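[1] Pasted the sequence and its predicted model underneath.
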Amino acid sequence: MVLGIEFRSALRCVAERHGLEFIPGRFFSSPYAFGDIGKKHIRITKVRFGHGHHMEEYVRVAAEFPFALNSDLEVTKEGFLNKLIKYLGRRELEFDDREFDSEYFVRSNNPPEAKKLLNIRARHSLLSLSRADICFLVKNSEYSREIGALWWASKRRHYTNPEKSEVICDIKGEIKDPHVLEDALELVLDVAGNVESAQSNN
């Protein structure tokens, strides 16, 4: 699915509303936006996963921090694979929130910290995006590097950046409605604020 004119218009609307720099993109390049909201550095871009017919496109709304985290968090839609994972014995993180727990599958290596990050306001923001196919992450940043002298024989390796972390909301497919981007941005800002609070208390 190609992100076209509708996405460009929605992104421009959100960027102007929040004082972000909007880059419209030309020819084969995609539009994107970036800038600071408060003390948070925000990026709204398009990302791709997979190759060829299996390639999928997402819109990514992300906030970046100049410090690493001692925990990670992943939130995905509740689906068949997640139910299978639970059946095989891998426990998910639950919040005693029936609507949220039935809609999303949450994993973290630090459950107490994850519950602080996904407070009731953040969970409400996630529920506002429940019609979209999303993946929400709080994790240390990564960078990649080509390993090998010859391009055709090289492999791309991914490494954790020990000095940066991110809050990421990936939304699959085409976004035509600026309200969806607004909801995703609100979610990222809410959790980013919780990350900063947790960091200052450590």
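    Yep, that arrived.
[2] CA only for contacts and neighbour counts going forward, please
    Noted.
[3] Work out for me the element the residue nearest to residue 128 when sequence neighbours are not counted sits within.
    Nearest residue to residue 128, sequence neighbours excluded (CA to CA, 6 or more residues apart in numbering): residue 183, at 6.9 Å. Assigned by DSSP states H and E, residue 183 belongs to helix 178-201.
[4] and residue 182, how many residues sit next to it?
    19 (other CA atoms under 10 Å).
[5] my guess is it contacts residue 14, does it?
    Yes: with contact defined as CA atoms under 8 Å, residue 182 reaches residue 14; the gap is 6.7 Å.
[6] rewinding a little: show me what counts as buried in the helix holding residue 183.
    178, 180-192, 194-195 (16 or more other CA atoms under 10 Å).
[7] So residue 33 belongs to a strand, correct?
    Yes: assessed with DSSP: H, G, I helix; E, B strand; the rest coil, residue 33 lies in a strand.
[8] Make sure it is actually in contact with residue 16.
    No: the pair residue 33 / residue 16 is not scored as a contact, 9.7 Å apart, by CA under 8 Å.
[9] The two - which one has more neighbours?
    The neighbour comparison of residue 33 against residue 16 (other CA under 10 Å) goes to residue 33, with 20 against 12.
[10] Dump the helix holding residue 183 to PDB, keeping only the CA atoms.
    This file holds the C-alpha atoms of helix 178-201, laid out as PDB (Å, rounded to 0.1, in the frame of the first residue of the first chain):
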ATOM      1  CA  PRO A 178      -4.800  13.500  10.700                       C
ATOM      2  CA  HIS A 179      -6.600  12.500  13.900                       C
ATOM      3  CA  VAL A 180      -4.900   9.100  13.800                       C
ATOM      4  CA  LEU A 181      -1.500  10.800  13.700                       C
ATOM      5  CA  GLU A 182      -2.600  13.100  16.500                       C
ATOM      6  CA  ASP A 183      -3.600  10.100  18.600                       C
ATOM      7  CA  ALA A 184      -0.300   8.400  17.900                       C
ATOM      8  CA  LEU A 185       1.700  11.500  18.700                       C
ATOM      9  CA  GLU A 186      -0.300  12.000  22.000                       C
ATOM     10  CA  LEU A 187       0.500   8.400  23.000                       C
ATOM     11  CA  VAL A 188       4.200   8.900  22.300                       C
ATOM     12  CA  LEU A 189       4.300  12.200  24.200                       C
ATOM     13  CA  ASP A 190       2.500  10.700  27.100                       C
ATOM     14  CA  VAL A 191       4.800   7.700  27.500                       C
ATOM     15  CA  ALA A 192       7.900   9.800  26.700                       C
ATOM     16  CA  GLY A 193       6.900  12.000  29.700                       C
ATOM     17  CA  ASN A 194       6.600   8.900  31.800                       C
ATOM     18  CA  VAL A 195      10.100   7.700  30.600                       C
ATOM     19  CA  GLU A 196      11.600  11.100  31.600                       C
ATOM     20  CA  SER A 197       9.900  10.900  35.100                       C
ATOM     21  CA  ALA A 198      11.200   7.400  35.600                       C
ATOM     22  CA  GLN A 199      14.700   8.400  34.600                       C
ATOM     23  CA  SER A 200      14.800  11.400  36.900                       C
ATOM     24  CA  ASN A 201      13.700   9.200  39.800                       C
END
